[in-house]
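> sharing a sequence plus its predicted fold:
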Amino acid sequence: MNILISNDDGIDALGIIFLAERVGRDNRVFVVAPDRERSAASHSLTLKHPLKVNNLGDDRYSVDGTPADCVNLAINTILPVRPDLVLSGINHGANMGDDISYSGTVSAAKEGMLLGIPSLAFSLEMKHGQDFAPAAEFAARLVRYISNNPVHPETLLNINVPDRIVDDEVPYRITRQGKRIYDDTMIERTTDRGGDYYTIGAHEIRTSGDVESDFFAVTSGYISITPLHLDLTNYGSIAELSRWHL
């Protein structure tokens, strides 16, 4: 297969290098990724200035734009062939629960799906280290399976890999999106000159998710595979809102 790989950690990030090398053993891989880290870029597109593309050779290209820019440019302009599959990652850190809305990694896969190409996002939990090899191996395994068992065209798969995978015949779980609980996410500090400044972060992040959630699976040592789609309609509210009389 012809496979496009992007990310939000940048063209030289360790995760994308592992993913491209492993998947590239059995497929032709094109890497089109941001020229620097673009974490939490979500699904933003660059509209205010032209995008620069740098051909690095060996089917690798860097772009001075967002992850969504990279996938859009790759499919519509850069690549000599239309890819059969879009992969994003392997992200340095998990993308589960509400983080999915902010993730540039997931949004690169979303852009591929919007353009009609089956897409997968891969992220690695990094609590105890950063060994990307098991995640890359699972990605190659999943790509082989999908080549013969296509995913529904309006679905992207969000895959989160724990840094310590359980020794199980089936080391993954099909999950749903969990929920993060952000406490004190705005951190206030004071400079030496007395001025205040703020950073977006969290002293402690709690999660809420039952046994079917992505958080529970990864915490338990299983790879989480969550099917996502872009229809944000709250169908449960349609009947209620239809009774309104404004």
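Structure's in. What do you need?
> what's the following helix or strand after the lowest-mean-pLDDT helix or strand in the chain?
Lowest on mean pLDDT, DSSP states H and E among the helices and strands of the chain sits strand 204-208, with a mean of 58. Heading C-terminal from strand 204-208, the first helix or strand you meet, by DSSP states H and E, is helix 214-219.
> what about the longest helix seen in the chain, distance to the chain center?
Taking DSSP state H as the criterion, the chain has its longest helix at helix 133-148. Averaged C-alpha coordinates place helix 133-148 at 15 Å from its chain's average position (Cα atoms, centre = their mean, to the nearest Å).
> that one - what's its average pLDDT?
Per-residue pLDDT over helix 133-148 has a mean of 96.
> which strands and helices sit next to the helix or strand residue 159 falls within?
Using DSSP H and E, residue 159 falls within strand 156-161. When contacts are defined as 3 or more Cβ pairs under 8 Å, 6 or more residues apart in numbering; DSSP states H and E, strand 156-161 sits against helix 104-114, strand 119-124, helix 133-148, helix 214-219, strand 223-228. The C-beta positions use only the backbone N, C-alpha and C, and glycine is treated the same way.
> out of those, which is closest to residue 84?
helix 133-148 (7.9 Å; Cβ to Cβ).
> what's the separation between residue 85 and residue 26?
12 Å (Cβ to Cβ, to the nearest Å).
> quick revisit: now the helices and strands packed on strand 156-161 as CSV including mean neighbour count?
Shown next, in CSV, are the helices and strands packed on strand 156-161 (neighbours: other Cβ atoms under 10 Å):
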stretch, mean neighbour count
helix 104-114, 27
strand 119-124, 28
helix 133-148, 17
helix 214-219, 23
strand 223-228, 21
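> can I get the ones you listed in a markdown table including distance to residue 240?
Listed next are those as a markdown table, based on distance: least, Cβ to Cβ, whole Å:
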| stretch | distance to residue 240 |
| --- | --- |
| helix 104-114 | 28 |
| strand 119-124 | 33 |
| helix 133-148 | 38 |
| helix 214-219 | 28 |
| strand 223-228 | 25 |
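> which stretch among those comes nearest residue 172?
Judging the helices and strands packed on strand 156-161 by Cβ to Cβ, what sits closest to residue 172 is strand 223-228, at 3.9 Å.
> list the neighbouring strands of the closest one plus their orientation.
strand 156-161 (antiparallel), strand 172-174 (parallel) (DSSP bridges).
> any regions of this structure where pLDDT drops low?
181-209 (pLDDT under 70).
> so residue 168, which of the three states?
coil (DSSP: H, G, I helix; E, B strand; the rest coil).
> hang on, it packs against residue 222?
Yes - the pair residue 168 / residue 222 is scored as a contact, 7.4 Å apart, by Cβ atoms under 8 Å.
> hang on, the earlier thing: looking at the helices and strands packed on strand 156-161, which is closest to residue 95?
strand 119-124 (4.3 Å).
> over to residue 4: give its phi and psi.
phi -100, psi 130 (degrees, to the nearest 10).
> hmm, back to that, quick one: which of residue 168 and residue 222 has more around it?
residue 222 (21 against 11; other Cβ atoms under 10 Å).
> quick one: contacts for the more buried one?
162, 165, 166, 168, 171, 172, 173 (Cβ atoms under 8 Å, 6 or more residues apart in numbering).
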